[in-house]
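K.L.:
Next input, structure requested:
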Amino acid sequence: MRKTTLYRQLIDSEEILVQPGCYDGFSARLLQQMGFKSGSISGAGLSESTLGWADVGILSYEENVSRSRNIAACVDIPLSADADTGYGNAINVFFTTRGFEAAGVDGIMLEDQVSPKRCGHMEGKEVISAEEGAEKIRAAVEARRDPDFIIKARTDSIATHGVKEAIKRLNLYAEAGADLLFADALLARDDIALVAKEVPKPLSVNMGFGIRARPTTPLISARELQDLGVAVASYPRLVTSAAIMGMRTALGVLKQSVEEGRVIERPDLAVSFAEINDLMGLGTIREMERRFLTETQLQAKYGEKT
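P.N.:
Residues are numbered from 1 along each chain as shown. Model (predicted):
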């Protein structure tokens, strides 16, 4: 089965699909190793980790596609990518869709913000007209070669026009052919239930994890989201924020060790070298070496024969 077909089936399933965000080989492989059925490549995570700048539209199309290609290639689970605003008008969206599909991801998210966009929970967002947004979705649907390639339509109009406008836009995007709908920054549980009821396609909702900040979507369990009619629960910031916390803690211990002139043993702060190698597929590489390298090459490398 193609990963795109599997991804579509997961979205259409009665059970809610939980999609943690990922942004590199470490995080994508961890999602797979931990048993998650799918993941979403975080545009914010790519921008912040590779460029060192906030998610305000600085990451380029080529940088996004290139990194998404590498991430998708290292795992077997379906991954969706964040195509931002499509990098231009509907014509650009057509070629953006083709580019991401060729890169090996299994779907893309397109949003109706004015370019340059910004993270959905930042202030200062602006949106294009609903009609232009619908044409962008129509272009993406027409561009895809695989009918199971998922087009996720996102509206950021709640911040600028309210929930009713967001519902109107999502219905227009559904009519244009979107497979999955997303109203970013819903501020209440009742709003989530209302949007899920009023749109004709599966609804995706973004969740934080363990941190309640305003203005943002309230933290709701995946099971309750399913009861509200949500098809996909995405956690785009979980892995990036956890990684920063882990690095900050480990570096703090290192700094303390230097200042105090002693070794501080904290094995709980880092995985072992062997665990990293296992996660990153070294076992697969070694198995390939045994199949493809000559006995002489293996003897030189490891002192062993096939």
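K.L.:
Where is the longest helix in this protein?
P.N.:
helix 238-260 (DSSP state H).
K.L.:
mind checking pLDDT for Pro200?
P.N.:
pLDDT for Pro200: 98.
K.L.:
need the helix or strand of the protein with the lowest average pLDDT.
P.N.:
Lowest by mean pLDDT, DSSP states H and E among the helices and strands of the chain is helix 158-161, with a mean of 91.
K.L.:
all strands for the chain, in order.
P.N.:
Shown for the chain, the strands assigned by DSSP state E span residues 17-22, 39-41, 79-82, 107-111, 150-155, 180-183, 203-206, 232-235.
K.L.:
Going by contacts, tell me the helices and strands next to the fourth one.
P.N.:
Packing partners of strand 107-111 (3 or more C-beta pairs under 8 Å, 6 or more residues apart in numbering; DSSP states H and E): strand 79-82, helix 90-102, helix 130-143, strand 150-155. All C-beta spots, glycine's among them, are computed from the backbone N, C-alpha and C.
K.L.:
That one: how far from the chain's middle?
P.N.:
10 Å (C-alpha atoms, centre = their mean, to the nearest Å).
K.L.:
which residues sit in contact with Ile77?
P.N.:
3, 31-32, 36-39 (C-beta atoms under 8 Å, 6 or more residues apart in numbering).
K.L.:
Identify, from these, the entry nearest to Ile167.
P.N.:
Nearest to Ile167 among the contacts of Ile77 is Ser38, at 25.8 Å by C-beta to C-beta.
K.L.:
Confirm for me that the closest one is in contact with Gly21.
P.N.:
No. Here Ser38 lies out of contact with Gly21, judged by C-beta atoms under 8 Å, at a distance of 11.2 Å.
K.L.:
any weak-confidence spans in the protein?
P.N.:
Within the chain, the ranges that satisfy pLDDT under 70 run 210-215, 304-306.
K.L.:
Break it down into its structural domains.
P.N.:
When the chain is parsed with automatic domain parsing, its domains come out as 3-236, 271-306.
K.L.:
Could you say which of those domains is packed most deeply?
P.N.:
Each of these was scored by mean neighbour count; the highest is domain 3-236, a mean of 19, by mean count of other C-beta atoms under 10 Å.
K.L.:
Ends of it, what's the gap?
P.N.:
20 Å (C-alpha to C-alpha, to the nearest Å).
K.L.:
show me the residues around Phe182 that make contact.
P.N.:
Contacts of Phe182 (C-beta under 8 Å, 6+ apart): 109, 152-155, 203-206.
K.L.:
Kindly recompute the last result at 7 Å.
P.N.:
By C-beta atoms under 7 Å, 6 or more residues apart in numbering, Phe182 lies in contact with 109, 152-154, 204.
K.L.:
can you check Gly86 too?
P.N.:
By C-beta under 7 Å, 6+ apart, the contact set of Gly86 is 92-93, 96, 110, 136.
K.L.:
Distance to Met247 for those residues - can I get that in JSON lines?
P.N.:
JSON lines is the format used below for the contacts of Gly86 (distance: C-beta to C-beta, whole Å):
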{"residue": "Asn92", "distance to Met247": "36"}
{"residue": "Val93", "distance to Met247": "36"}
{"residue": "Thr96", "distance to Met247": "32"}
{"residue": "Leu110", "distance to Met247": "32"}
{"residue": "Lys136", "distance to Met247": "37"}
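K.L.:
closest to Val239 among the residues you listed?
P.N.:
Leu110 (22.6 Å).
K.L.:
how far away is that closest one from Ala178?
P.N.:
Between Leu110 and Ala178 the computed distance is 8 Å (C-beta to C-beta, to the nearest Å).
K.L.:
Quick check: neighbours shared by these two?
P.N.:
Joint contacts of Leu110 and Ala178 (C-beta under 7 Å, 6+ apart) are 137, 151, 153.
K.L.:
Chain neighbours aside, what residue packs nearest to the first one?
P.N.:
Of all residues not flanking Ile137 in the chain, Ala176 sits nearest, at 4.0 Å (C-beta to C-beta, 6 or more residues apart in numbering).
K.L.:
what's the spacing between that neighbour and Ala153?
P.N.:
8 Å.
K.L.:
who touches both of the two?
P.N.:
Common neighbours of Ala176 and Ala153 (C-beta under 7 Å, 6+ apart) are Ile137.
K.L.:
I figured Arg138 was touching Gly177, is that so?
P.N.:
Yes. When contacts are counted by C-beta atoms under 7 Å, Arg138 is listed as touching Gly177 (6.1 Å).
K.L.:
who's in contact with Ser221?
P.N.:
By C-beta under 7 Å, 6+ apart, Ser221 lies in contact with nothing.
K.L.:
Pull the distance from stretch 251-270 to the chain's centre.
P.N.:
That offset, for stretch 251-270, works out to 33 Å (C-alpha atoms, centre = their mean).
K.L.:
All good on my end, thank you.
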